[in-house]
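**Student:** Pasting a predicted model and its sequence here:
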Amino acid sequence: MRAFIAIDFSKEVKKEILDVQKKIGGRSSKANFTPEENFHLTLRFIGEVDEYGMESLAEAVQETGQRFKSFDMTLNNIGFFPRGDKSIVWLGIEKNKSLEILFANLEKNLMRQGFAKERQGLTPHITIGREVVLKTSYDKLKAEVDMQPINVKVDKITLMESVRKGPRLIYKPVFEQKLK
């Protein structure tokens, strides 16, 4: 099973992200946009694991969530990773100490379960499109798409399984742990 640990969003937040994605879509000539139901913030990508590994991941998620209070974070900017003439477009998150501490605690609990430490650390973003070809420059896009801050209540963390159905990825919650 292909696994990752994420902050999943409410339907309302996903709708707000979709609104931003649509604005970018109108300024793109080509793109592979993330489906609304797949919007999330990856805390930790794990990769392929067996059933035992999924149980260990669930334990790490549970231990992390049981000791952590819910908090708020804000999505507040549009960014991109250039890939030749195409880009990955994402929404960025305002610096958030609670998110950094949550990630650090999750890392400790994953290491206790035998998973290696994440070498790159946390780079929080929400991917909204891959292989995006913009009709305009990135700077113009940011000026034209008025990104209003999106407030997110983080009250749970979720162990997800990524399943491929034909060309489409489906993210299925396997285990959720509510935060205090």
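**Tutor:** Okay, I see it.

**Student:** Just give me the residue right at the centre of the protein.
**Tutor:** The chain has L41 as the residue nearest its centroid, 1.8 Å off, counting by Cα atoms, centre = their mean.

**Student:** What's the per-residue pLDDT of that one here?
**Tutor:** Here the pLDDT value assigned to L41 is 98.

**Student:** Alpha carbons only: can I get the helix or strand where it lies in CSV?
**Tutor:** Per DSSP states H and E, L41 falls inside strand 40-48. The C-alpha atoms that make up strand 40-48 are tabulated as CSV, following Å, rounded to 0.1, in the frame of the first residue of the first chain:
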residue,chain,number,x,y,z
HIS,A,40,-4.7,18.0,1.5
LEU,A,41,-1.5,19.1,3.2
THR,A,42,1.0,16.2,3.3
LEU,A,43,2.8,16.1,6.6
ARG,A,44,4.9,13.0,5.7
PHE,A,45,5.0,10.9,2.6
ILE,A,46,5.8,7.3,3.5
GLY,A,47,5.6,5.3,0.3
GLU,A,48,5.0,1.5,0.0
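
**Student:** Counting by contacts, list what the helix or strand of the chain with the lowest mean pLDDT packs against.
**Tutor:** Ranking every helix and strand in the chain by mean pLDDT, DSSP states H and E puts helix 138-144 at the bottom, with a mean of 89. Counting contacts by 3 or more Cβ pairs under 8 Å, 6 or more residues apart in numbering; DSSP states H and E, helix 138-144 is packed against strand 71-83. The C-beta positions use only the backbone N, C-alpha and C, and glycine is treated the same way.

**Student:** Tell me the strands beside the strand it packs on, with direction?
**Tutor:** As defined by DSSP bridges, the strand partners of strand 71-83 come to strand 86-93 (antiparallel), strand 150-154 (antiparallel).

**Student:** wait, which of those is closest to K135?
**Tutor:** Closest approach to K135 among the strands paired with strand 71-83 (Cβ to Cβ): strand 86-93, 12.4 Å.

**Student:** got the contact list for E161?
**Tutor:** Going by Cβ atoms under 8 Å, 6 or more residues apart in numbering, E161 touches 1-3, 54, 171-172, 174.

**Student:** let's see it at 10 Å
**Tutor:** Applying Cβ atoms under 10 Å, 6 or more residues apart in numbering, we find E161 in contact with 1-4, 49, 54, 170-175.

**Student:** Among those residues, which lie within strands?
**Tutor:** Among these, DSSP state E puts 2-4, 170-175 in strands.

**Student:** and the two most separated of the residues you listed?
**Tutor:** Top of the distance list for the ones in strands among the contacts of E161 (Cβ to Cβ): I170 and F175, 16.6 Å.

**Student:** List the buried residues in stretch 106-126.
**Tutor:** Neighbour counts over stretch 106-126 (16 or more other Cβ atoms under 10 Å) mark 106-107, 109-110, 113, 115, 118, 122, 124-126 as buried.

**Student:** Many thanks, we can stop here.
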